[in-house]
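Student: the following block contains a protein sequence and its predicted model.
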Amino acid sequence: IVGVVEDARLRAIERKTQPALYVPMTQDFLPGMHAILGAVDPGADLQDTMQRRLEAVDGGKPDAVAVISLEDHLRRTALAPERIATLLLGVGSINALAIGILGLYRVIADEVLERRREIAVRAALGAQRWRLIGMVVVQGTSLAAGGTLFAIALALLLASWMRTVTGFDASPIGWAWFAGPLVLVIGAL
């Protein structure tokens, strides 16, 4: 044993750290190699210079050399499960929003069908067209607003419960609480 190193949490959402074993390169040879270079200013010029120098080494495959920053490497590898989960959550949210808008449209259309006689009587008595359309829009908007307020209250309760369960105490971005409901209300309009 050369030394003992403490297990490190790689992701913030990990509950337990996985044990890690570090072995000398002569004991566990990997066909690929990663080298970490410390630099004060890791700009594109330094990356290009390193790329050219590594491609010039005899016996290597120039097309197999890739020089990238540590941030880019971590973005591609270490956070891949979180990125995939975020993408799936985003796609699911967009689907839910589309289904919500379609459902709201169907509810408003059914409400208009039920009030068809009332609308016809109002039109026969000389109600202006914009007033009839305004009546339907106000009704749909009030339905969407009521559902939106209920959903926001439920989301706030769920978020506070999630904070207690996960121990993650960062407050979400303010505009995120209103972006989805705003799109739903716009869809209702």
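Tutor: Looks like it came in fine.

Student: any low-confidence regions in the chain?
Tutor: Per-residue confidence of the chain (counting by pLDDT under 70) places the weak regions at 1-5, 7-15, 17-18, 20, 25, 28-35, 42, 59-63, 166-172, 188.

Student: what comes up buried for whichever helix in the chain runs longest?
Tutor: Of all the segments of type helix in the chain, defined by DSSP state H, the longest one is helix 129-166. Residues 132, 135, 139, 140, 141, 144, 147, 148 are the ones in helix 129-166 that count as buried (16 or more other CB atoms under 10 Å). In this view, the C-beta of every residue, glycine as well, is placed from N, C-alpha and C.

Student: the third one and residue 115, how far apart?
Tutor: If you measure residue 139 against residue 115 using CB to CB, to the nearest Å, the figure is 9 Å.

Student: residue furthest from the geometric center of the chain?
Tutor: The C-alpha centroid of the chain is most remote from residue 125, which lies 52.0 Å away (CA atoms, centre = their mean).

Student: quick one: contacts for that one?
Tutor: With contact set as CB atoms under 8 Å, 6 or more residues apart in numbering, residue 125 has no partners.

Student: return the distance of it relative to residue 85.
Tutor: Noted for residue 125: a distance of 57 Å to residue 85, by CB to CB.

Student: just how off-centre is stretch 91-100 within its chain?
Tutor: Here the centre of stretch 91-100 is set off from its chain's centre by 13 Å, with CA atoms, centre = their mean, to the nearest Å.
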